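Novice: Below are the sequence and a predicted model for it; my questions follow.
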Amino acid sequence: MKKLGILLDSFGGISQKIIEENGFNMVPLQFNIDGKDYIDNGKELTNLEISELVKNSSSARTSLPALGTIEQVLEKMSKEYENVIVFLTSSILSSTYQTVYVESRKYGDKFHIIDNHFFTDQALELGKFLVKQSNEGINISKLVEVSKEVAKKSLNYLIVKDLTSLIKGGRLKGIKKMILNGLKLIPLLKVDEEGINFGGVKRTLRGSYEKVFEKLLDFIGGREFLENYEFKFMYANDPEMKEEIEKLFNKENLLLENITIASATVMIHTGIGCSSLGIWPKLSKLKI
């Protein structure tokens with residue numbers, strides 16, 4: 001029996017093929033566009049293809065991974081690993097967390113589900129790091145502690161240029177909806193352990209990224225601590241967003257470690273005009 005297994009869902013936009021190539025397992029989320037059901041695993045459609053479907057759709061919604069799939073994967077992993085660390089969509093955003101948690105109780109304390117707000121490839125990279133540490137003799141309690149600490153030291157912001165999907169989904173209501181939509185302001189939505197919270201507005205996309213960049217620097221204590229952190233960026237295939245974020249990082253003379261196309265779940269809930277800029281600890285700098 002192997003020491004440590006890693007289980008992910010498809011929120012971060014990483015295909016099942018890549019996840020499995022790294023020796024991990026996946027429970028893919030599902031989505032429906034214009035009446036047709038899809039599994040968000042990167043096999044039927046790439047994220048780029050999904051972005052075009054969402055952009056031109058009249059209706060789109062997401063749903064949990066199939067319960068049968070969850071049961072099969074948990075059963076399989078329970079026989080293969082001494083312990084399994086699980087990174088799923090935040091419990092505040094999806095009931096996938098609770099569903100997997102309830103099913104995992106059948107196997108005692110073998111499954112360790114870490115509530116988090118990771119995006120892009122963060123869960124994948126952290127999983128690889130944890131397996132390496134496990135193979136070097138670090139015990140499961142310490143690995144769970146490290147996972148929670150990384151989540152606590154991570155922060156990202158959603159920058160939403162087009163509010164249509166947020167309004168349609170009921171995530172913007174009342175006076176806030178009227179003001180933001182009427183004045184064409186870009187909201188900055190803070191995503192952390194407490195969920196998604198309003199973090200201000202800007203009039204331009206460039207100004208939005210500059211403001212979020214400042215907020216992320218404040219979060220880590222200032223520019224002098226950047227050597228211990230790295231940035232991640234996720235967007236829904238909007239060329240303007242990619243162009244503006246690259247301009248910002250070129251101006252700041254900084255490396256943007258990762259640019260990822262958003263998953264179907266993210267695009268459907270926030271719309272095509274969405275992006276996310278975040279920061280998290282460099283795993284190579286962690287002291288275990």
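Specialist: Structure received.
Novice: going forward, measure contacts between C-alpha atoms and count neighbours the same way
Specialist: Fine.
Novice: Flag the helix or strand of the protein with the lowest per-element mean pLDDT.
Specialist: Within the chain, no helix or strand scores below helix 174-183, which has a mean of 49 by mean pLDDT, DSSP states H and E.
Novice: Contacts for the very next helix or strand once past that helix, please.
Specialist: Sequence order places strand 186-192 as the next helix or strand after helix 174-183, per DSSP states H and E. Residues from elsewhere that reach strand 186-192 (C-alpha atoms under 8 Å, 6 or more residues apart in numbering): 116-117, 152, 154-162, 180, 196-205, 208, 212.
Novice: Identify the bridge partners of the residue nearest to residue 198 when sequence neighbours are not counted.
Specialist: Using C-alpha to C-alpha, 6 or more residues apart in numbering and skipping residues adjacent in sequence, the residue nearest residue 198 is residue 189, 4.8 Å away. Beta-bridge pairing of residue 189 under DSSP bridges involves residue 158, residue 198.
Novice: quick one: residue 196 from residue 274, how far?
Specialist: Plainly put, residue 196 is 14 Å away from residue 274 if you go by C-alpha to C-alpha, to the nearest Å.
Novice: Alpha carbons of the host helix or strand of residue 196, in CSV - could you do that?
Specialist: For residue 196, the element it lies in under DSSP H and E is strand 195-202. Extracted C-alpha coordinates of strand 195-202, given in CSV (Å, rounded to 0.1, in the frame of the first residue of the first chain):
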residue,chain,number,x,y,z
GLY,A,195,-15.5,33.0,0.9
ILE,A,196,-16.0,35.6,-1.8
ASN,A,197,-16.4,39.2,-0.5
PHE,A,198,-16.6,42.6,-2.1
GLY,A,199,-13.2,44.2,-2.3
GLY,A,200,-13.8,47.4,-4.1
VAL,A,201,-14.4,48.7,-7.7
LYS,A,202,-12.3,50.2,-10.5
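Novice: Would you state the strands of the stretch 1-150 of the chain in chain order?
Specialist: 2-9, 25-27, 30-33, 36-39, 60-63, 81-87, 111-114 (DSSP state E, counting those that start in this stretch).
Novice: Most tightly packed of those?
Specialist: strand 25-27 (a mean of 24; mean count of other C-alpha atoms under 10 Å).
Novice: what ranges do the helices span in the stretch 101-250 of the chain?
Specialist: Secondary structure of the stretch 101-250 of the chain, counting by DSSP state H, counting those that start in this stretch: helices at 122-135, 140-152, 164-168, 174-183, 205-220, 239-251.
Novice: Pick out the shakiest of those helices, pLDDT-wise.
Specialist: Lowest mean pLDDT within these: helix 174-183, a mean of 49.
Novice: The residue most central in space within the chain: what's it in contact with?
Specialist: Nearest residue to the geometric centre of the chain (C-alpha atoms, centre = their mean): residue 119, 2.1 Å. Contact partners of residue 119, counting by C-alpha under 8 Å, 6+ apart, are 11-13, 234.
Novice: I'd like to know how far the residue nearest to residue 198 sits from residue 159.
Specialist: Taking C-alpha to C-alpha, one finds residue 189 at 7 Å from residue 159.
Novice: which of those two has more neighbours?
Specialist: Each of residue 189 and residue 159 has its neighbours counted (other C-alpha atoms under 10 Å); residue 159 has more, 26 against 20.
Novice: wouldn't the more buried one be in contact with residue 276 here?
Specialist: Yes. The pair residue 159 / residue 276 is scored as a contact, 5.9 Å apart, by C-alpha atoms under 8 Å.
Novice: sorry, back to before: for residue 131, which of the strands of the stretch 1-150 of the chain is the nearest?
Specialist: With C-alpha to C-alpha as the criterion, residue 131 lies closest to strand 2-9 of the strands of the stretch 1-150 of the chain, at 6.1 Å.
Novice: can you list the residues that contact the closest one?
Specialist: So strand 2-9 is in contact with 24-29, 77, 80-89, 123-124, 127, 131, 134-135, going by C-alpha under 8 Å, 6+ apart.
Novice: Share the number of residues neighbouring the nearest residue to residue 285 once chain neighbours are set aside, please.
Specialist: Closest residue to residue 285 apart from its sequence neighbours, by C-alpha to C-alpha, 6+ apart: residue 228 at 6.2 Å. By other C-alpha under 10 Å, the residues close to residue 228 number 14.
Novice: distance of residue 228 from residue 124?
Specialist: Applying C-alpha to C-alpha to residue 228 and residue 124 gives a distance of 19 Å.
Novice: Likewise for residue 145?
Specialist: Between residue 145 and residue 124 the computed distance is 17 Å (C-alpha to C-alpha).
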